[in-house]
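Student: Below is the sequence, then the predicted model.
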Amino acid sequence: MIKAPFPWFGGKSRAADLIWSRLGADCGNYVEPFLGSAAVWLNRPPAFDGWAALNDKDGNIANFWRAMQADPETVAAAAHYPVSEADLHARHLWLVNNLPKLTPRLMADPEYFEARTAGWWAWGVCLWIGGGWCSGDGPWRAEPDADGVPVLTLGNGGTGVNRQLPHLGDGGKGVNRKLPHLGNGTGVNRKLPHLGDGGKGVNRKLPHLGDGGKGLVAWFEKLAEQLKGARITCGDWDRICSVGTMTRNGVCGVLLDPPYSTTDPVYANDGREISATVREWCLENESNPRLRIALCGHAGEHDLHGWECVQWQSGGGYQGADDRERIWFSPACIKPQRDLFDL
């Protein structure tokens, strides 16, 4: 299992094999409009050799995967940093202010990326407790810069970034101040995957912080290999869902994993209404034999007659294991093979 170097609420790493069993390695195309941690794409079958379009509306996510694709070593250097609450808040504020400039550049130039920004963002995701990382929600105050562009600062009665921090007498929680998740103190280095190379197979031990980040670089280079050939875009989900484009190379596998309508907002770009809009797109295209569509959601969220609905269980994370997880597969998807004894 190849994993992203940051935790992601709603990631589908445990469902990757299930999804590909229905989409099939023979697809000439693969489209994923809500990329997130890219778990399903990173764990595609080796036999898949089609083209891929990967998208996320969140500029920091799209930038991370583009930077990882093009310059994994620089991303690793920026992400290789000790746990520091002061730096966590400082970088968070910088990333929030940078996002309005970053996203339009990503949309306008398919080759644009910021490697240091990507590393800082991934480092912060690993330390931030709960949701809201880089969402822009918080004790911010907008003040114009020299060019009149609103810039967010931490504000409390006009004290800006020098505002008084809350007391820690309540066990470090202050007034619900976000504290870094110390874990084992290694940030993005907390768990390094077994890369299965170097002649030692899956049991090879990778070093942690003490190796100067070499293990992290090896991990990121492995991810870069998995991203080769994919087009990574930034924008609304339906920008890459033109049916004519999606099927230009034959059958297209489509993974739709929008924010669920049954959960509280947890992403920087969120909206419960997106789930219904995506479902309508599925209904409009369910009869297309060239589209194998997988739609993710919670039990009861979608009513899709003629689609196969499969239950799976997530691994947990912030919210714990969830047995409400469902994936609906369109009629054109590959049907599971049944054992003779099941007949």
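Tutor: Structure received. This one's a predicted model, so the numbers in the text were calculated from it and none came from an experiment. Residues are numbered from 1 along each chain as shown.

Student: How is the protein partitioned into domains?
Tutor: When the chain is parsed into structural domains using automatic domain parsing, the resulting residue ranges are 1-57+235-343, 58-227.

Student: CA atoms of stretch 285-302 as CSV?
Tutor: Listed in CSV are the C-alpha atoms of stretch 285-302, where the atom choice follows Å, rounded to 0.1, in the frame of the first residue of the first chain:
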residue,chain,number,x,y,z
ASN,A,285,-24.4,9.4,-17.5
GLU,A,286,-25.3,6.1,-15.9
SER,A,287,-26.3,4.5,-19.3
ASN,A,288,-23.0,5.4,-21.0
PRO,A,289,-21.3,2.0,-21.6
ARG,A,290,-17.9,3.8,-21.8
LEU,A,291,-18.2,5.2,-18.3
ARG,A,292,-17.4,3.0,-15.3
ILE,A,293,-18.4,5.2,-12.4
ALA,A,294,-17.7,4.8,-8.7
LEU,A,295,-19.6,7.2,-6.4
CYS,A,296,-18.7,7.3,-2.7
GLY,A,297,-20.9,8.3,0.2
HIS,A,298,-22.7,7.1,3.4
ALA,A,299,-25.4,4.6,3.6
GLY,A,300,-28.7,6.1,2.4
GLU,A,301,-27.0,9.2,0.9
HIS,A,302,-27.7,8.1,-2.7
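
Student: List the buried residues of it.
Tutor: Of the residues in stretch 285-302, those buried under the neighbour-count criterion (16 or more other C-beta atoms under 10 Å) are 285-286, 288, 290-297, 301-302. In short, each C-beta sits where N, CA and C put it, glycine included.

Student: how near is residue 290 to residue 108?
Tutor: 30 Å (C-beta to C-beta, to the nearest Å).

Student: before we move on, back to that, just the buried residues of stretch 285-302: which are in strands?
Tutor: Secondary structure assignment (DSSP state E) places 291-297 from those within strands.

Student: Could you point out which of the residues you listed is nearest to residue 79?
Tutor: The shortest gap between residue 79 and any of these belongs to residue 296, at 27.8 Å (C-beta to C-beta).

Student: Kindly provide the distance from the closest one to residue 222.
Tutor: Note on residue 296: its distance to residue 222, by C-beta to C-beta, is 26 Å.

Student: thinking again about what came up before, taking the buried residues of stretch 285-302, tell me the two that lie furthest apart.
Tutor: Between all members of the buried residues of stretch 285-302, the longest pairwise span (C-beta to C-beta) is found for 290 and 301 and amounts to 25.7 Å.

Student: Name the nearest residue to residue 115, ignoring sequence neighbours.
Tutor: Using C-beta to C-beta, 6 or more residues apart in numbering and skipping the chain neighbours, the partner closest in space to residue 115 is residue 74 (3.8 Å).

Student: average pLDDT for the host helix or strand of the one you found?
Tutor: Assigned by DSSP states H and E, residue 74 belongs to helix 72-79. Per-residue pLDDT values over helix 72-79 give a mean of 95.

Student: What residues sit buried inside the following helix or strand past it?
Tutor: Following helix 72-79 in sequence order, the next helix or strand is helix 85-108 (DSSP H and E). By neighbour count with 16+ other C-beta under 10 Å, helix 85-108 contains the buried residues 87-89, 91-93, 95-99, 102-103, 106-107.
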